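1. Sequence isn't available, so here's the structure alone:
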């Protein structure tokens, strides 16, 4: 019985290693093999959320060798990691998620970004998102009215944008050294999917943001904000006009 459990444990460990080996070096994998215990794997077999869960009444795989499709997936992931730079991966992944490339802002982390808890302080992300948001606003102003509209928007002349609110979801801590890619995309709001007739409001819209870590190769922070069209000459929110709305709808892929 003990020998059978040992065989099952070894097979399960090999499957686990292949599933999670994308970001691990050989030394780390050897450590994982050495540090695993039969009891830990038995607990994992009983856990329905485990990638190698064994339902009651079933037995482990016939062979300790991984299934061909799992091995192929692992080799493909490894090949991608070796040929694609972190920057290229970040830009490709965020673009695929619908984030506007015109908002991409690369932010290098410096030692002073840390706080007493030895990770990038939460407040720093507000500035990171601001830099990307302004980058996006500049591109929108260029589209609407060229260099003059860009200059007016940045200087707070005439009709521009003002931040009404922002909420931030911290998913994973970031530490030095690292470089982040910050991005944004406009949207109608969280209730839009439930209301197919929802239209773009005349005076405001939503802007979703994401921070991708080159070191961790994933999104580490997200935000959602509300931007208001604002007449800086009258100090009041306003309707920006049809030209601005058409440009914004185009970036939301809403059509005319």
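-> It's in. Worth saying up front: this structure is predicted, and the values here are computed from it rather than measured. Numbers count the residues shown, from 1 in each chain.
2. mind listing what's buried in the longest strand seen in the chain?
-> Looking across the chain with DSSP state E, the single longest strand is strand 218-231. By neighbour count on 16 or more other Cβ atoms under 10 Å, the buried set for strand 218-231 is 219-230. Glycine gets a C-beta too; all of them are placed from N, C-alpha and C.
3. Can you give the distance of the helix or strand just after that strand from its chain's centre?
-> The C-terminal neighbour of strand 218-231 among helices and strands, as given by DSSP states H and E, is strand 236-237. Here strand 236-237 is found 33 Å from its chain centre; the criterion is Cα atoms, centre = their mean, to the nearest Å.
4. which residues touch the helix or strand just after strand 236-237?
-> From strand 236-237 onward toward the C-terminus, using DSSP H and E, the following helix or strand is helix 242-251. For helix 242-251, contacts defined as Cβ atoms under 8 Å, 6 or more residues apart in numbering pick out 100, 140, 143-145, 159, 185-186, 200, 202, 205, 229, 255-256.
5. Then stretch 139-147?
-> Contacts of stretch 139-147 (Cβ under 8 Å, 6+ apart): 100, 102-103, 149-150, 152-154, 243-244, 247-248, 251.
6. Most neighbours among those residues, which one is it?
-> residue 103 (27 neighbours; other Cβ atoms under 10 Å).
7. Please name the nearest non-neighbouring residue to it.
-> The shortest distance from residue 103 to any non-neighbouring residue, by Cβ to Cβ, 6 or more residues apart in numbering, is to residue 136 (3.6 Å).
8. Looking at the helix or strand the one you found falls within now, give me its mean pLDDT.
-> According to DSSP H and E, residue 136 maps onto helix 124-155. Averaged across helix 124-155, pLDDT comes to 96.
9. List the buried residues in it.
-> 124-125, 128-130, 132-133, 135-145, 149-150, 152-153.
10. quick revisit: the residue nearest to residue 103 contacts residue 99, correct?
-> No: using Cβ atoms under 8 Å, residue 136 is not in contact with residue 99; the gap is 9.6 Å.
11. Give the residues shared as contacts by those two.
-> With Cβ under 8 Å, 6+ apart, residue 136 and residue 99 have common neighbours residue 184.
12. who's in contact with residue 200?
-> Taking Cβ under 8 Å, 6+ apart, one finds 188, 245, 248-249, 252, 254 in contact with residue 200.
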